[in-house]
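dropping a prediction and its sequence here:
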Amino acid sequence: MRTMDRAAGVGRSRTISDVLADLDRPALGRLLYDDVADLYPLCRSLTGAGLRETLRRLNRVLPLTLHEVPTGTEVFDWTIPREWNIRDAYVKNASGERVIDFHASNLHVVSYSTPVRRRMSLHELRPHLHTLPDRPDWVPYRASFFTETWGFCLSQRRLDELDEGEYEVCIDSTLEPGALTYGECVLPGASDDEVLISVHVCHPALANDNLSGVVVAAHLGRLLQPLVRRYTYRILFLPGSIGPITWLARNEAVVPRVRHGLVLVCLGDAGPLTYKKSRRGDATIDRAAAHVLRHAGAHEIQDFSPYGYGERQYCSPGFDLPVGRLSRTPHGRFPEYHTSADNLDFVQPRQLADSLAGCLEIFDVLERDRRYASQNPKGEPQLGKRGLYQEIGDDEMAMLWVLNLADERHSLLDVAERSGCAFGAIRRAAELLETHGLLKAVDGEAHG
Amino acid sequence: MRTMDRAAGVGRSRTISDVLADLDRPALGRLLYDDVADLYPLCRSLTGAGLRETLRRLNRVLPLTLHEVPTGTEVFDWTIPREWNIRDAYVKNASGERVIDFHASNLHVVSYSTPVRRRMSLHELRPHLHTLPDRPDWVPYRASFFTETWGFCLSQRRLDELDEGEYEVCIDSTLEPGALTYGECVLPGASDDEVLISVHVCHPALANDNLSGVVVAAHLGRLLQPLVRRYTYRILFLPGSIGPITWLARNEAVVPRVRHGLVLVCLGDAGPLTYKKSRRGDATIDRAAAHVLRHAGAHEIQDFSPYGYGERQYCSPGFDLPVGRLSRTPHGRFPEYHTSADNLDFVQPRQLADSLAGCLEIFDVLERDRRYASQNPKGEPQLGKRGLYQEIGDDEMAMLWVLNLADERHSLLDVAERSGCAFGAIRRAAELLETHGLLKAVDGEAHG
Amino acid sequence: MRTMDRAAGVGRSRTISDVLADLDRPALGRLLYDDVADLYPLCRSLTGAGLRETLRRLNRVLPLTLHEVPTGTEVFDWTIPREWNIRDAYVKNASGERVIDFHASNLHVVSYSTPVRRRMSLHELRPHLHTLPDRPDWVPYRASFFTETWGFCLSQRRLDELDEGEYEVCIDSTLEPGALTYGECVLPGASDDEVLISVHVCHPALANDNLSGVVVAAHLGRLLQPLVRRYTYRILFLPGSIGPITWLARNEAVVPRVRHGLVLVCLGDAGPLTYKKSRRGDATIDRAAAHVLRHAGAHEIQDFSPYGYGERQYCSPGFDLPVGRLSRTPHGRFPEYHTSADNLDFVQPRQLADSLAGCLEIFDVLERDRRYASQNPKGEPQLGKRGLYQEIGDDEMAMLWVLNLADERHSLLDVAERSGCAFGAIRRAAELLETHGLLKAVDGEAHG
């Protein structure tokens, strides 16, 4: 694979820690934001051309394999639906003006609307119109994937302006056999054990939910690609619910190799980072994410619940994978959620970059976590004669903690948690002690 | 057994849930209160006619087997004492007026007083008189079961009115070989495993302690009798301390079948429901009771301590049964405790009915707790195509939790605890999902 | 051993409980304080005559075995250093006056200073002078055990008085092959299992750090000596860091017998007793110390950290001994720490005596902790017929708790912790019940 060749060449020994040390957050933020802005106008849905075009454009950031799963394919309890495509949609008034226009915003059409071309009175049309009376300037986002219907979304203010009388209603859509498309990128690591990153990519012009997650995931892949990796990273760009179910159904052999995973969503708003634990609640990803967020300042840790995004499927009882979810403000807790106000003003470059950095810090823990055996376990080794007091200064406590817990049972994450020191300080102490022959890494899993 | 025939006939498929759904609490409260009032004047003690008459009257509510254990029988470390009976007792002044009169209140005589018929000065009498100086209008309750003595209880105000001079003192009691009596009702269930309900029935005219518990237990039996039951219910009406010891000594073969148990006491006062955990502290009864009380509003959960009522014996180290205690205000924490103020004003119909309903809700958890296996454990099943989103509305979360934890390991009580949903909502979700073939109950114990 | 003969003779049946009951704290405090004062002027260091003289004087309190470990001996990762001795040291001004004088306070010389005899300017001398600018009247304590250098410590005020000009600088010390000395006292008990008491004895004229610990340890030994003991007590007087390492290296066969241990330090100041847990965190010593301190009033419990005194070595991963640390204000948390202000005013007789009493109470728990089997485990035994209600009055709850948990699994410390009663009350209840044949002690370890 071309990607790996590049990694094997130039960047052989670079690690996530190095990337974090060098990270130019403002520049990264601009890159991420520009990609969100580029993808924003596309009309994504569960299936169809808008989803495909999104994945095609992400290919510029990260080489993706596109999978096409034909309509009618059974995936566990579900069936791949017909493919939905739309060219145009509008409501014209008696003067022929488009009072609702799909080309102004793809939110104006209920996703998966069946085709319509009729004249009708406002009275007849009204049951097909969706507004947010409490937010009169905002257009809601609506979809009806599994029940055949059609509809338009518009602001309450626009609806109030419409007079009774006849309208020309057109939804130039098709709902036909086709395929469900998803994108996948696998970055092989030293081990076949995998870190899964999963984002939903089925929402139309909504910036935070989830172009933020989509773009952060793609650039995570881009940054991980040239590095030396302990784990294999698998990044999935999928439509919601049926997407993860489809991937799971087609990859049951891969599932046992998933050792850690993150669902990424709503990563561009101004809220603090929020981690939702896996169903297990004490998986290494849960501990690593909680540790990183705790040392990063304001944050929130949530217990698992069986509602949300891909984690519903990855954490279903037949899989129970160690997959958590990282977001900023969780869905449903910001008023802009699923409305036209989740737009390019609502997400900010700095926030996107910080979210990505948070992911890298979590992965850095996963990559670097090890168990060690002290080579001088009886009493403390004499650090002074090795010049180790001066060498790390304030980090002496980190060094003493690592030595004290280097008993083959405690991993560096255990040491970080027990000591209250940041994982990075613990890791650096361990590396220094290893250099001096005072520690030896233990083979096998860091975490049981 | 006649009772079971009735159950087998009319109410074959009714369950505790149905009873709770239909419960007319005001009417039930009146029934309970009337029975408390009916039993109030009887002079109960550890043994004797008052106790027998109480059990005989309870027979109208619930068919009881009366056991008579002869004086002198050894029960573990204890010996059944002589039987105490009393016909009359008084102190007459020089004018022949009864200044203390057993017929006015049976509290006036120290329970188990030996017979007396003498004339004596107030000075001589005084050591045999018990009052509550801090509560000058109340008469204390006193007993001396295992030390031979006699005495009278009266209000401080009455004592202050007595002049020096001679009194005629009469206690027309007998303390003779006889029997200790207790009542028992067994309601067989689908399983031989038992739920034990135990109340002390040895106190004279005290309403809350424990006619409230006695009457709630009897009516629990009445309501359970016609139902389909998973468990066998055993309801015991016993004198305190030696009563449970006697039952345990005579039923060692039954003990291993006791899977859950509740001691009922002080259930008529205005305090919040209070549950005292079993010695084990994490028995299913402990978790079920805590769950029910938590969802019922104001309540208190207490850790086990080796003081109190029957739980002292059921939780002794040689048995260590999963038996907790349900009360409203615990004994000793209301000033009326063991005084004449624990009277028919102190207990109220509504409180009695709510206590009984609390018991039923706890038993409903025990009856309905199950472990399930999801029939679509890989990813979520598609609820929409089964119309399940509409059908339960707000209860969608309960449904998702049940599906997510339907892994044969989690019981519905586990699901209720983890989700924060009420057990009832979890149970209804499970039943609905089972109807649709999405769940299958797992054989065996709900709780390990 | 003479000590044991005495114990076997006069005090055969006295226990720690008896000592505690009789303890004359004011008298004990005076004894302890006088010994601190006696040892205060000696110039102790890691090795040398001052350390030996200190141990020789402690011999008056407790018979000690002195071990001499030759310079150059390898002890794990360390090597016994050369022995340091000093006769005199001063800085004389142009007038021949001693402006810094070792004989005024041994803190004035940096411990382990190499010999010097030169004239030099203040400018040249200055890099060798150490002060505390923020505490201008105090002299700091400094040592340089493993890096060859020399220096003087003085108050900032004295330094400010020195004029430029020439000074005569003399440190009449030797740094030559010799030995590291430590003292040890073993008091055999019924069992070979040991309680380890360890104090560092290498600091010069500092009263709290650690003459307080040294003197408390010696008098603990004195008081334990004549008693009947369950455990063997081993009391170690060692130089810091290399002392415990040396002992461990020479006693690997003893290590597995160490069942409990306490490092004693800073026990004379006015702060509350503070216990720092062992690395295990849940060792019996951790639970016993926490229990005793909790019932003693103001106190602090600290989690283990790999910094501090001997616990660093005893709790190194190759040993992981159940050794905690008892102090009053921990080192570094009082400003007098490692300065001339840690003097004979800073420690007080009462505080020394209370610290010693705290140790005895902890050892009393270790000595008396047992598991019991109730001889009447089914139901409660009838206490009344044995007169046990009257006999212990308010301690009835302690008795009920002991009986309830006398199931061979719970130790008395478990009972004390669960009941909230003080260990002493629980122990007395158990002894009373045992006397009445209601309990039988279980062989084997109290704690698993």
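All right, it came through fine.

would you say A:Val365 is within a helix?
Yes: assessed with DSSP: H, G, I helix; E, B strand; the rest coil, A:Val365 lies in a helix.

what's near enough to touch the residue nearest to it when sequence neighbours are not counted?
Residue nearest to A:Val365 in three dimensions, not counting chain neighbours: A:Ala288, with 4.0 Å by Cβ to Cβ, 6 or more residues apart in numbering or on different chains. Yep, even glycine has a C-beta here, placed from its N, CA and C like the rest. Going by Cβ atoms under 8 Å, 6 or more residues apart in numbering or on different chains, A:Ala288 touches A:260, A:362, A:365-366, A:369, A:413, A:423.

and the residue of the stretch 251-400 of chain A closest to chain B?
Using Cβ to the nearest Cβ, the single residue of the stretch 251-400 of chain A nearest to chain B is A:Gly318, 3.1 Å away.

meant to ask about the stretch 51-200 of chain A, not that
Nearest residue of the stretch 51-200 of chain A to chain B, counting by Cβ to the nearest Cβ: A:Asp77, 4.4 Å away.

ok, that residue - contacts?
A:245, B:376, B:379-382.

for chain C, see how far away it is.
Counting by Cβ to the nearest Cβ, to the nearest Å, the gap from A:Asp77 to chain C is 47 Å.

quick one: the residue of the stretch 251-400 of chain A closest to chain B from B:Asp193, how far?
Using Cβ to Cβ, to the nearest Å, we find A:Gly318 at a distance of 31 Å from B:Asp193.

and what of A:Thr15?
Going from A:Thr15 to B:Asp193 by Cβ to Cβ gives 59 Å.

what helix or strand is A:Gln351 on?
If you go by DSSP states H and E, A:Gln351 is part of helix A:349-368.

where does the closest residue to A:Thr274 other than its chain neighbours sit: helix, strand or coil?
The shortest distance from A:Thr274 to any residue other than its chain neighbours is 4.3 Å, reached at A:Glu300 (Cβ to Cβ, 6+ apart). Using three-state DSSP, the structure places A:Glu300 in strand.

please, which helix or strand holds whichever residue of chain A sits closest to chain C?
Relative to chain C, the nearest point of chain A is A:Pro377 (3.1 Å; Cβ to the nearest Cβ). Element membership for A:Pro377 (DSSP H and E) is empty, with no helix or strand holding it.

ok, it - contacts?
Contact analysis of A:Pro377 by Cβ under 8 Å, 6+ apart lists A:406-407, C:316-319.

how many other residues sit next to the closest residue to A:Pro41 other than its chain neighbours?
Nearest residue to A:Pro41 in three dimensions, chain neighbours excluded: A:Ala205, at 6.4 Å (Cβ to Cβ, 6+ apart). When neighbours are counted by other Cβ atoms under 10 Å in any protein chain shown, A:Ala205 registers 22.

right, and A:Ala205 touches A:Ala37 too?
No: contact criterion Cβ atoms under 8 Å: A:Ala205 and A:Ala37 do not qualify, at 10.9 Å.

residue numbers of chain A in contact with chain C?
Residues of chain A found near chain C (Cβ under 8 Å from any Cβ of the partner chain) are A:374, A:376-382, A:384-385, A:397, A:400-401, A:403-407, A:419.

from the residues you listed, list just the buried residues.
Buried members of those, counted by 16 or more other Cβ atoms under 10 Å in any protein chain shown: A:374, A:376-382, A:397, A:400-401, A:403-407, A:419.

ok, the residue positioned nearest the centre of chain A - contacts?
Among the residues of chain A, A:Leu264 comes closest to the average C-alpha position under Cα atoms, centre = their mean, at 2.0 Å. Neighbour list for A:Leu264: A:197-199, A:210, A:213, A:216-217, A:325-327, A:355, A:359 [criterion: Cβ under 8 Å, 6+ apart].
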